[in-house]
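>>> here are the coordinates; sequence isn't available:
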């Protein structure tokens, strides 16, 4: 077994949080090694950029921070490295950003690969060493045990930071295998649960076959006292999409508490119920329900089909009753998609396990950042912002600890 002890700082995990920490530490003059179990680093960042890399959001900081749960999660870290700082950092890498119509922030290239290439080049110039195909398998007294291409390897760095991700997208490297390692040290870890994922709905076979993959555009979703406007997508298993993800936490917790959750869809949020009833009542005599829904109600076929899934094939004939259904179509959600199919992870290392520097109280010199921490946020730029900010905050905490050591 190869055992090495030196003055290097070790970062375990080559995602945004780990690479952000490595940059801060290297800029401070430290020798830094990043170790990742995959053949290359930044894989989840590249996947996030497939449809346009949503880096952060432009809304005011108080509203931005309110998106994170539990309340106060990452507030100090993001306050130190807010969205404007992330945009300036991208600009410094030669990747300027822009604000989209929804307030979301993207690189002008709209891609992740140019940003990652420029970032890795900067880390290389700073002297950061990246070692791939190194899987963390043990946390020893003062050391880190890896399975490496050359065989078992134990490193004993001056300090180390874990940024191993949650348990979503395990094929990209974040498989949650670190949980028993930390629990073995007595570190409290909340159960890793899916966040920003779809939900199961018992569709009829006809609806599933006809509409799986169809979007529900410009709808409003209501659940557990919260309302979100946006879009959703019908899937063979149920329903997902940005508006659903924004409610995923409250829906998930409702299912955990009661075994099911109720999601109510307003399929015409741009119209009042009274205005919609007037339109539906003004149709020509003898029109079929399907025609009324399409012409007077302005519903796409997928929305009309969803009404029948919600209320049965015999829809109300009276215009006020039909309008009421369109404005509040109920769906019964029976389960959330599994964590490995989720966009992100809830749960993780509990805040009580960390000191203000993101260092584990149970293991001085060992820090934690990114999605390993117990926080969650919706899609829309909040996830990447949290990863970047927490990685940089943990690195600053490590520097503070090293100065005092």
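Received it, and whenever you're ready, just let me know what you need. Since we're looking at a predicted model, the values are computed, not measured.

>>> any weak-confidence spans in the stretch 201-350 of the chain?
Judged by pLDDT under 70, the stretch 201-350 of the chain has no weakly predicted residues.

>>> who's the most centrally placed residue in the chain bridged to?
Note on the chain: the residue nearest the mean C-alpha position is residue 344, at 3.7 Å, using CA atoms, centre = their mean. Beta-bridge partners recorded for residue 344 (DSSP bridges): residue 195.

>>> My understanding was that it contacts residue 166; is that so?
Yes - judged on CB atoms under 8 Å, residue 344 makes contact with residue 166 at a distance of 6.5 Å. The C-beta positions use only the backbone N, C-alpha and C, and glycine is treated the same way.

>>> Overlap in contacts, those two.
Shared contacts of residue 344 and residue 166 (CB atoms under 8 Å, 6 or more residues apart in numbering): residue 371.

>>> Got phi/psi on residue 37?
phi -80, psi -20 (degrees, to the nearest 10).

>>> Renumber starting at 43 from here on
With the count now opening at 43, the last piece we talked about shows up as residue 79.

>>> if I look at it, how far off is residue 189?
8 Å (CB to CB, to the nearest Å).

>>> Pick out whichever of those two has more residues nearby.
residue 79 (21 against 14; other CB atoms under 10 Å).

>>> According to the record, where do the domains of this protein fall?
When the chain is parsed with automatic domain parsing, its domains come out as 44-236+381-446, 242-378.

>>> Mean neighbour count, those: which tops it?
domain 44-236+381-446 (a mean of 19; mean count of other CB atoms under 10 Å).

>>> In contact with residue 261, which residues?
271, 272, 273, 274, 285, 307, 308, 309, 311, 345.

>>> Tell me how far residue 144 lies from residue 353.
Distance from residue 144 to residue 353, by CB to CB: 32 Å.

>>> for residue 346, same thing?
Applying CB to CB to residue 346 and residue 353 gives a distance of 11 Å.

>>> And residue 247, by the same measure?
From residue 247 to residue 353 the distance is 18 Å (CB to CB).

>>> Repeat that for residue 381.
33 Å.

>>> now do residue 183
The value you get for residue 183 to residue 353, if CB to CB is used, is 63 Å.

>>> Residue 192 now?
With distances taken as CB to CB, residue 192 is found 64 Å from residue 353.

>>> what do you get for residue 404?
Taking CB to CB, one finds residue 404 at 54 Å from residue 353.

>>> which phi and psi does residue 142 have?
phi -80, psi 180.

>>> Now do the contacts for the nearest residue to it once chain neighbours are set aside.
Spatial nearest neighbour of residue 142, excluding adjacent residues (CB to CB, 6 or more residues apart in numbering): residue 148 at 6.1 Å. Neighbouring residues of residue 148 by CB under 8 Å, 6+ apart: 94, 95, 96, 97, 139, 140, 142.

>>> which residues touch the residue nearest to residue 77 when sequence neighbours are not counted?
What sits nearest to residue 77 in space, not counting adjacent residues and going by CB to CB, 6+ apart, is residue 176, at 4.2 Å. Contact analysis of residue 176 by CB under 8 Å, 6+ apart lists 77, 78, 79, 188, 189, 190, 191, 195.

>>> Double-check the third one against residue 215; I have them as touching.
Think residue 79. Yes - in this structure, residue 79 is within contact of residue 215 by CB under 8 Å, at 5.8 Å.

>>> ok now stretch 214-234, how far from the chain's centre?
Taking CA atoms, centre = their mean, to the nearest Å, the mean C-alpha location of stretch 214-234 is offset from the chain mean by 18 Å.

>>> Show residues contacting it.
By CB under 8 Å, 6+ apart, the residues outside stretch 214-234 that reach it are 55-57, 78-80, 85-86, 89, 178-181, 204, 206-210, 212, 381, 387-392, 394-395, 402, 404-405, 413-414, 416.

>>> follow-up on the earlier one: overlap of the contact sets of residue 79 and residue 189?
Common neighbours of residue 79 and residue 189 are listed as 176, 177 (criterion: CB under 8 Å, 6+ apart).

>>> For residue 242, list the residues it contacts.
So residue 242 contacts 279, 280, 375, 376, 377, 378, 379 (CB under 8 Å, 6+ apart).

>>> now with 6 Å?
279, 280, 376, 377 (CB atoms under 6 Å, 6 or more residues apart in numbering).

>>> Out of the residues you listed, the closest to residue 259 would be?
Closest approach to residue 259 among the contacts of residue 242 (CB to CB): residue 280, at 17.9 Å.
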